[in-house]
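>>> Give me a 3D structure for the following:
(chains A and B)
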Number of protein chains: 2
Amino acid sequence: MPLLVMKFGGTSVADLDRIQNAAAKVQREVERGYDVIVIVSAMSGKTNELVGWVEQTSPLYDAREYDAVVASGENVTAGLMALRLQEMGVPARSWQGWQVPINTTSAHSAARFVSIPRENIDAKFAEGMKVAVVAGFQGLSAEGRITTLGRGGSDTTAVAFAAAFGAERCDIYTDVDGVYTTDPRISSKARKLEKIAFEEMLELASLGAKVLQTRSVELAMRYNVRLRVLSSFEDTDENSGTLVCGEDEIMESKVVSGVAYSRDEAKITLFTIEDRPGVAQAIFGPLSDAGVNVDMIVQNISEKDYDEAHSGAVTDMTFSCPINQVARAKKAMEDAMAAGLINYDDLIIDTEVAKVSVVGIGMRSHAGVAATMFKALAAENINIKVISTSEIKISVLIDRKYMELAVQALHDAFELEKAA
Amino acid sequence: MPLLVMKFGGTSVADLDRIQNAAAKVQREVERGYDVIVIVSAMSGKTNELVGWVEQTSPLYDAREYDAVVASGENVTAGLMALRLQEMGVPARSWQGWQVPINTTSAHSAARFVSIPRENIDAKFAEGMKVAVVAGFQGLSAEGRITTLGRGGSDTTAVAFAAAFGAERCDIYTDVDGVYTTDPRISSKARKLEKIAFEEMLELASLGAKVLQTRSVELAMRYNVRLRVLSSFEDTDENSGTLVCGEDEIMESKVVSGVAYSRDEAKITLFTIEDRPGVAQAIFGPLSDAGVNVDMIVQNISEKDYDEAHSGAVTDMTFSCPINQVARAKKAMEDAMAAGLINYDDLIIDTEVAKVSVVGIGMRSHAGVAATMFKALAAENINIKVISTSEIKISVLIDRKYMELAVQALHDAFELEKAA
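Below is the predicted model of the structure:
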């Protein structure tokens, strides 16, 4: 029997009506001849309520107890979904993480999968069960405690089950109807993509397109799980949404698939630091220890004159990080200076920047993408502050006030409104 | 290390403040040198919310899924209580039913204990844990599914743990401060009892005094677990509340310990039925099959004249049942008549009755209790409709409008306002 994994997020199971709506989508796949594993999140709002109670009870909480409390939200949805399916005449039962068991590491609130044995669920499929409803986001540690995977963990649960059970596809039902060439709120020309490669989706996810959790895409890529993103709130069929898949399934693609952005960036520049081996480590080691997620890094030759206070060559170092980590980053640098690890003349913070990126696997075999990008931005008089490139992505930091304009200009320049 | 079981019901853990208050009571016992097992209910209202969702989702629900959903309420409280205790510096952890494991039968929503192995919890006590917080009301079936014990199951969980771990005492914290000689809302002279025997508590519980669940008292009696009922909302010490214990601990007791009542009773009389062997079975078999909880039964010689239609001796049969089961009882009798199982001339229903009872282990060795009771009722001109007695209880059915008056008169007659 072919098997499908279907995942419903919090807004898709927010109340009993929506659970019924989701159950109807599951029933349709059963009628098409599939065995189905359904992964559910907590009813929206429930996880936040539980987290709030934990944090109020114990600000520096024991993560094992946090996990035990917070995982209960998914258990409720799993039971209700199984009941709804039974009510529709579909043989279904719920599974909590420890019942499968979903074996994970003991890193509470950030656990990783160790194994998902198929025996228990397969035995029930063999007995005639058509749908296994599994509580997402949770697992079981070797010590017998409940673990959680961290926020967005239900997507990752879905992909892990699709891999473990050799599912034909993993359908992620959410509140958007697919992956777009860019944010439709910013460009009215944004177009829904029929297919997108894992690598592209990863870049888009990490750039702030919130459709899928990065980790779930990584896992899907590793196990070649075909992921489909589609809407819970529309009638859907086998062609709905966007398929996230391997490059081999994408016959012809455009050079650039999408334009992404990240609004809340900050740029920090250390002026006139020693240009010597080990200086990068002396800067980014303390930042990492302080929990600062450094994104782009650029090292320039300093424009300042050679400074008598320094004994050798000097340089400037610029990096970006999320805007809410600026204070932490500044303190880490000042502490490193005080400890004699680094020495800089000045530290300048720019919190008025945003990141705009173009992403596409086609870039690998096409030159000229960067030139087209820079030309389009120049035509709008947008100054580029920092550039960073990867094999399938070019990102720039620009003044935040030009962000929407830049996204629209790039969407036009690469003609993303047209299908490939 | 001496061990104590402490149980907190739904109103005692209704919100984070109350959980903190309960945790403070636990901390005090730890400071007195006890290891503690805490049994918690769901925060009040939560179980009803979950039950509502289940019933709306599937009116004829699968009890296995019902149990999986409903048990989550206790899991949340257990985690929060453990966190609160940790925050106070008390080494604590939560245990869900399957983690202990609390092994039960597979009778979902009405499961019974099979075994509570001590190994896992004892191992943690040996490592320095001072408090095990256990989710009440739930267990694990041999099939690996979550079970629940039915309403009030948290009291029973507490007693079962006290028995399994040889606890010095099982303290049931609730919203009343003990067991009274009668309902203080009915008699202002009601007095809190310092001690009461298991048998008396059982009679009082089954008569409608809602302090403890009948099943938990039965279990406590069987394993000789000393139970203490006391208030969550008052400062309590080792002498607070009421101790429910074996008779041997009660040195001197009054002949009557309490006056109980049950308001919503109905009386059904079948007139002129055949007085032959097997007729009682022909009546009460169908009633039992229909789920009618028959309480008192009285058989009279019929006052009606010998009826030509009957070939032998005739009698009248009267029984009582909860008022909301009257329709079911009537239908069962009519069906039995139609099926030729029984034959009666008339069926009279009286829904305006209440039951009042005096209870006391001292009755066993004292004559004259019934006489005192009937005299007190007669002095108030209260007519007795049915009488039923057991070794430690005398119950009467009377007109409901006299119920309060009867309770007060009996409380006075047996001088229950005075300590023994």
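>>> Helices of the stretch 51-200 of chain A, start to end?
A:63-70, A:72-87, A:119-126, A:153-164, A:198-206 (DSSP state H, counting those that start in this stretch).
>>> Let's have those in TSV, adding mean pLDDT and distance to B:Glu119.
(Glycine included, C-beta is placed from N, CA and C.) Formatted as TSV, the helices of the stretch 51-200 of chain A follow (pLDDT from 0 to 100; distance: least, CB to CB, whole Å):
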stretch	mean pLDDT	distance to B:Glu119
helix A:63-70	96	19
helix A:72-87	97	25
helix A:119-126	97	24
helix A:153-164	95	31
helix A:198-206	85	45
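>>> Of all the ones you listed, which one is nearest A:Ala280?
A:Ala280 lies closest to helix A:198-206 among the helices of the stretch 51-200 of chain A, at 21.8 Å (CB to CB).
>>> Residue of the stretch 151-300 of chain A closest to chain B, please.
For the stretch 151-300 of chain A, the residue closest to chain B is A:Ser154, as judged by CB to the nearest CB, at 16.7 Å.
>>> Output the set of residues of the stretch 1-150 of chain A in proximity to chain B.
A:16, A:19-20, A:50, A:53-54, A:56-59, A:61-62, A:64-66, A:68-69, A:72, A:75-76, A:78-80, A:82-84, A:86-87, A:93-94, A:96, A:98-99, A:120, A:144-146 (CB under 8 Å from any CB of the partner chain).
>>> Tell me the buried residues within those.
A:16, A:19-20, A:50, A:53-54, A:57-58, A:61-62, A:64-66, A:68-69, A:72, A:75-76, A:78-80, A:82-84, A:86-87, A:93-94, A:96, A:98-99, A:145-146 (16 or more other CB atoms under 10 Å in any protein chain shown).
>>> circling back: CSV for the helices of the stretch 51-200 of chain A, including distance to A:Phe233?
Shown next, in CSV, are those (distance: least, CB to CB, whole Å):
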stretch, distance to A:Phe233
helix A:63-70, 26
helix A:72-87, 17
helix A:119-126, 29
helix A:153-164, 18
helix A:198-206, 22
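>>> Name the helix or strand of chain A that has the lowest mean pLDDT.
strand A:297-301 (a mean of 79; mean pLDDT, DSSP states H and E).
>>> export the helix or strand just after that one as CSV, just CAs?
Next along the chain after strand A:297-301, taking DSSP states H and E as the criterion, comes strand A:314-322. Provided in CSV are the C-alpha atoms of strand A:314-322 (Å, rounded to 0.1, in the frame of the first residue of the first chain):
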residue,chain,number,x,y,z
VAL,A,314,45.6,46.9,9.9
THR,A,315,42.2,46.1,8.4
ASP,A,316,38.5,46.7,9.0
MET,A,317,36.1,43.9,9.8
THR,A,318,32.4,44.1,9.1
PHE,A,319,29.7,41.5,10.0
SER,A,320,25.9,41.3,10.2
CYS,A,321,23.7,39.8,12.8
PRO,A,322,20.0,39.9,13.8
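>>> Backbone dihedrals for A:Val386, please?
The phi and psi values for A:Val386, taken as degrees, to the nearest 10, are phi -140, psi 140.
>>> For the residue nearest to it when sequence neighbours are not counted, give me its contacts.
Once flanking residues are discounted, A:Val386 sits nearest to A:Leu397: 4.0 Å by CB to CB, 6 or more residues apart in numbering or on different chains. Counting by CB atoms under 8 Å, 6 or more residues apart in numbering or on different chains, A:Leu397 touches A:Glu265, A:Lys267, A:Met296, A:Ser320, A:Val353, A:Ala354, A:Lys355, A:Ile384, A:Lys385, A:Val386.
>>> Buried among those residues? Make that a PyMOL selection.
To isolate in PyMOL the members of these that are buried, counting by 16+ other CB under 10 Å, one can use:
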select buried, chain A and resi 265+267+296+320+353+354+355+385+386
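>>> want to throw the contacts of A:Leu397 into a markdown table with pLDDT?
Listed next are those as a markdown table, based on pLDDT from 0 to 100:
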| residue | pLDDT |
| --- | --- |
| A:Glu265 | 93 |
| A:Lys267 | 95 |
| A:Met296 | 90 |
| A:Ser320 | 94 |
| A:Val353 | 96 |
| A:Ala354 | 95 |
| A:Lys355 | 94 |
| A:Ile384 | 92 |
| A:Lys385 | 90 |
| A:Val386 | 90 |
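>>> what pLDDT does the residue nearest to A:Ile250 when sequence neighbours are not counted get?
Nearest in space to A:Ile250, with sequence neighbours left out and distances taken as CB to CB, 6+ apart, is A:Lys195 at 5.1 Å. Per-residue pLDDT puts A:Lys195 at 93.
>>> can you check A:Glu308 too?
For A:Glu308, pLDDT reads 52.
>>> Now A:Ala220: which helix or strand?
helix A:214-223.
>>> between the helix or strand following that helix and helix A:153-164, how big is the angle?
Following helix A:214-223 in sequence order, the next helix or strand is strand A:227-231 (DSSP H and E). Counting by axes from the mean of the first three to the mean of the last three CA atoms, to 10 degrees, strand A:227-231 points 140 degrees away from the direction of helix A:153-164.
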